[in-house]
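1. Here is my input; please provide its structure:
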Amino acid sequence: MRDEELPRRLRDAAGAHRPDRERMLARVERGMAGAGPPARVVRPPRTATPWLRVAAATAAVCGVLAAGTFAVTSAGGEGAHEDRGAAPPSATGTPGGTLRTEDGPLRTDGAVDPHSNAYWAQSNVTLRATEPLASLTVELRIALTGGVTSTGSWRSLPEGDFTVSATEDSSFLIYRWRLKPGRSVPAGTHTFAGQYNHAEGERDPAGDYVTVRAVRASGRPASVGDSFGPDR
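-> Numbers count the residues shown, from 1 in each chain. From the prediction side, this is the model:
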């Protein structure tokens, strides 16, 4: 086989590859559960014939494609940002389909403000803490449906205690409030709100959700979340 044929054969092998997502997820779950060491990559001996080298290279390309497919699926379209702990929304609108609204001293509720209108809206996050928090990150995700653009945000806690950002990835407008090191959040009910313009008409918030990650003063972590859709 001529060396110049190798790129074409590799492209053909990569194009014909169809990753088995369910099988990949099952393997990852077994690995996370400690179900044995990861499989080793077997390399052909240096004396392998040319067709063996092509077969090994093709298998390597397929392996890279499969790993890339799983990585994209796991990322859930979040894009590059600091916190990757938030799972993408499920078909029911709740992040990952498993996030609870109450965990230990924390409880959260997400709702669209009743003063929103046909061109502008505000999404409210109500956070209740029954004990002080030493660390807190609130992440509000607004699905980029027609015309969604940021118009600002606010929180009921002191402005100087938080680092605030408003960014976009391929799917969401993301508001993030992060408690600064050395600051704390007292027990009580606190509000975080993100504001945005949108296309004319009533906007469906079913794809919007919030995630909250905190560390209690005792050092124990807690996390909660909620969706904004009508099926919450």
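
2. contacts, neighbours, all on C-alpha from now
-> Will do.

3. Least confident secondary structure element in this protein?
-> helix 50-75 (a mean of 37; mean pLDDT, DSSP states H and E).

4. got the contact list for the helix or strand following it?
-> Following helix 50-75 in sequence order, the next helix or strand is strand 102-103 (DSSP states H and E). Outside strand 102-103, the residues within contact range by C-alpha atoms under 8 Å, 6 or more residues apart in numbering are Thr108, Ala222, Ser223, Val224, Gly225.

5. can you pick the most crowded of these?
-> In terms of neighbours by other C-alpha atoms under 10 Å, the contacts of strand 102-103 top out with Gly225 at 28 neighbours.

6. who does whichever strand or helix holds that residue touch, helix- and strand-wise?
-> The secondary structure element spanning Gly225 is strand 221-227 (assigned by DSSP H and E). Strand 221-227 sits against strand 102-103, strand 106-112, strand 209-216, with contacts defined as 3 or more C-alpha pairs under 8 Å, 6 or more residues apart in numbering; DSSP states H and E.

7. For Ser156, which of those is the nearest?
-> strand 106-112 (14.6 Å; C-alpha to C-alpha).

8. avg pLDDT for that closest one?
-> For strand 106-112, mean pLDDT rounds to 96.

9. Partner strands of that strand and their direction?
-> In the sheet, strand 106-112 lines up against strand 102-103 (antiparallel), strand 120-129 (antiparallel) (DSSP bridges).

10. So what touches the very next helix or strand once past the last one?
-> Right, strand 120-129. Using DSSP H and E, the helix or strand that follows strand 120-129 in sequence is strand 133-143. By C-alpha under 8 Å, 6+ apart, the residues outside strand 133-143 that reach it are 171-187, 194, 205, 207-217, 219.
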